[in-house]
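Participant: Take this sequence and fold it.
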Amino acid sequence: MTQPPPVLNPTPPERGLATSDRAALTASVSQSWALFATMLDDLDLHGPSRAKGLTVREVVIPLGGWDDNRPVTQLLREARTGVIGHYDQGALVQRVRAAHRHESDSAIRDSIRRQGRQVTAWLELEERSLSQAPVASMLGTLPLTTFFLASTYPLATAALDLEVGGARIPQALLDNGLLGLVDTIGALAARQGITASISALTPTTLIGMGARESAWRTVRFDVAAQSEAEARNPEDIGPALEGTTRLLLDIAAGRADVPGALRRRELAVRDIAGLLALAPIVEQVPGIPGRSALIAAIRATTTATALLRLLPFRRSEP
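Facilitator: So this is what the prediction gives:
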C-alpha cells in the first residue's frame, strides 16, 4: 500500500477542499459558472458541437437551472431527507433536453446564469449542517459541497464540446474543471477506503489528491510561487499524469486518443503502479458506460491506457 506524499496525506476527517479551503472552493465554482455564461453570450446556440449529433443549445440546456432539472432547492431537500445512492443523470439529461428544446436563446442563457447564482448563493450562505450531507449522484453518494464543486467538470467538458461551434474557452474554466475532477476522484477513493494519490500537472495548474482512512485531501498548488523543478518534483506529488488541461479533461471524458497522446509525448504518466491503486473505483462506482470492459482491461493489464480510462466521468450522449 503506497501512502500519499506528505503534502497530500489527509488527516481524518478531511473532505477535500470542502473542509480545507472553502473560500477557494466557492471561488472556483462561482468563477466557472460566470465564465461559462459569459462564453455563451457571443456564441451561436444553433451552431454545431463536438458532441455527436448535438447543437450548441442541446449541449447547454441540460446544464441550466430549470425547475425540472434537479434544482438547488431539490438537492437541499434531498440532502435533508437522506436521498442517497445512484442518480440516473443520463435519463434526466434526456428529459430536460426534450422538455426545453424550444426555449429561446435568451432563456437558455438565463438558465445558466440562474444556476450559477443559486449554487454560489448556497456555498456563500450555506446551512453548515448540510455541508457534508450525503446526496445521490451519477457516481453514487457524494457530500453535498463536493457535489457542487464537481459541477465545474461538466462545465469544462461542455465548453470543449462547444469549441467547434466558435466558443472561446477561458483557461480558468478548464483548470477549475480539472480541480473538480481531481477532488471528486478523492471523494470516490475515500468512500471505498482506498489509500492512494494522484496529481494532475499541466502548463497552467498543478492539482494533487491523496486519500487515506476514508478521508481525502485536495491541493491546488500555487505554481507561480514555486520554481518549475520544485512544483514538479515527483517525490513531492506522487503518482501523476502530465499533459495540457484540455487533454486530461478529454481523457476523463473518453474523448482523447490516449495511446496516440503517449506516443506523441503529449501525455506523461508517473508511477503507474501507484496510480493503479485507484483502479477499484471503477469496479464499485455505478453509471460508468462500458464498465465491464473497463474492469476486464484493468485486471488484464497495467498499461497507462487502462488506467486513464478508469476515470468515471463519461458524459451522456443521445
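
Participant: In three-state terms, how would E78 be classified?
Facilitator: helix (DSSP: H, G, I helix; E, B strand; the rest coil).

Participant: State the helix or strand in which A158 lies.
Facilitator: helix 152-162 (DSSP states H and E).

Participant: who does that helix touch, helix- and strand-wise?
Facilitator: Applying 3 or more Cβ pairs under 8 Å, 6 or more residues apart in numbering; DSSP states H and E, we find helix 152-162 packed against helix 22-41, helix 56-60, helix 171-191, helix 245-252. All C-beta spots, glycine's among them, are computed from the backbone N, C-alpha and C.

Participant: for the ones you listed, which one sits closest to D236?
Facilitator: Proximity to D236 (Cβ to Cβ) singles out helix 171-191 among the helices and strands packed on helix 152-162, at 15.9 Å.

Participant: For that closest one, output the C-alpha coordinates as CSV.
Facilitator: C-alpha atoms of helix 171-191 as CSV (Å, rounded to 0.1, in the frame of the first residue of the first chain):
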residue,chain,number,x,y,z
GLN,A,171,-8.2,28.7,-19.4
ALA,A,172,-9.5,29.2,-15.9
LEU,A,173,-12.7,27.4,-16.8
LEU,A,174,-10.7,24.3,-17.9
ASP,A,175,-8.4,24.5,-14.8
ASN,A,176,-11.4,24.7,-12.5
GLY,A,177,-12.9,21.7,-14.2
LEU,A,178,-9.8,19.7,-13.6
LEU,A,179,-9.9,20.7,-9.9
GLY,A,180,-13.5,19.4,-9.7
LEU,A,181,-12.5,16.2,-11.4
VAL,A,182,-9.5,15.5,-9.1
ASP,A,183,-11.4,16.4,-5.9
THR,A,184,-14.3,14.0,-6.9
ILE,A,185,-11.8,11.2,-7.6
GLY,A,186,-10.7,11.8,-4.0
ALA,A,187,-14.2,11.5,-2.7
LEU,A,188,-14.7,8.2,-4.6
ALA,A,189,-11.4,6.8,-3.2
ALA,A,190,-12.3,7.9,0.3
ARG,A,191,-15.8,6.4,0.0
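
Participant: and it, which residues are buried?
Facilitator: Buried residues in helix 171-191, counting neighbours by 16 or more other Cβ atoms under 10 Å, are found at 172-191.

Participant: Quick one: mean pLDDT over the helix holding A158.
Facilitator: Mean per-residue pLDDT for helix 152-162: 96.

Participant: next one: it to chain centre, how far?
Facilitator: 10 Å (Cα atoms, centre = their mean, to the nearest Å).

Participant: Same question for stretch 255-270.
Facilitator: 20 Å.

Participant: tell me the average confidence for it?
Facilitator: 85.

Participant: Can I get that stretch in CSV? Just the C-alpha atoms.
Facilitator: This file holds the C-alpha atoms of stretch 255-270, laid out as CSV (Å, rounded to 0.1, in the frame of the first residue of the first chain):
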residue,chain,number,x,y,z
ARG,A,255,-12.7,11.9,-25.9
ALA,A,256,-8.9,11.5,-26.3
ASP,A,257,-6.7,9.1,-28.2
VAL,A,258,-4.6,8.0,-25.2
PRO,A,259,-2.2,5.7,-27.0
GLY,A,260,-1.6,8.4,-29.6
ALA,A,261,-1.0,11.1,-26.9
LEU,A,262,1.5,8.8,-25.2
ARG,A,263,3.3,8.1,-28.5
ARG,A,264,3.4,11.8,-29.3
ARG,A,265,4.7,12.5,-25.7
GLU,A,266,1.7,14.8,-25.2
LEU,A,267,0.9,12.8,-22.1
ALA,A,268,3.3,11.5,-19.4
VAL,A,269,2.5,9.1,-16.7
ARG,A,270,4.5,8.9,-13.4
